[in-house]
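Chemist: Following is a predicted model, sequence given first.
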Amino acid sequence: MPAAPVLDSHALLAFFRGEPAGVAVKALLQKAASADRPVGLTEVNYAEVKYILIKKDGIEAWKQAAEVLKSLPIEFHPADRALSDQAADYKARFRISLADAFAAALAREKKAELVTGDREFKALEKEIKISWLPAD
């Protein structure tokens, strides 16, 4: 059985903001819930989602998202040493943000597809499997 997918911040933000790519993320989350196989998300990406929602959409948007998060089939992964080492390697070798590096590292660790619409990940297509969300 293939590993459950990993979400990056871009995917979860698209879902919370009602962007076109969020429709695919919603379908993925529904599938994960019905199969009782939660998708993965690093705590670093969680922090990025929180930060962006507060900064761009306001604290109320974050509070609503935080309530929804409680019911979503997401398994949160801490930034342990092994994950941090892989993220640091990706950050050093590719022009990606640190949060993106953690998402890629988790996908590699779990041998899972990374679900994203963030074109910054193009550079990692030979390193990890990527499931591209439709462009907004």
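Modeler: Great, that's in hand.
Chemist: host element of the residue of the chain positioned farthest from its centre?
Modeler: Relative to the centre of the chain, and counting by Cα atoms, centre = their mean, the farthest-placed residue is residue 60 at 21.6 Å. Per DSSP states H and E, residue 60 falls inside helix 59-69.
Chemist: any idea how far that helix is from the chain center?
Modeler: 17 Å (Cα atoms, centre = their mean, to the nearest Å).
Chemist: can you check stretch 104-123 too?
Modeler: Taking mean C-alpha positions (Cα atoms, centre = their mean), stretch 104-123 and its chain are 8 Å apart.
Chemist: Show me which positions of stretch 11-26 end up buried.
Modeler: 11-17, 19, 21-22, 24-25 (16 or more other Cβ atoms under 10 Å). Where C-beta positions appear, they are placed from N, C-alpha and C, glycine not excepted.
Chemist: An error on my part: the question was meant for stretch 22-39.
Modeler: Neighbour-count burial for stretch 22-39 [16+ other Cβ under 10 Å]: 22, 24-25, 28-29, 32, 38-39.
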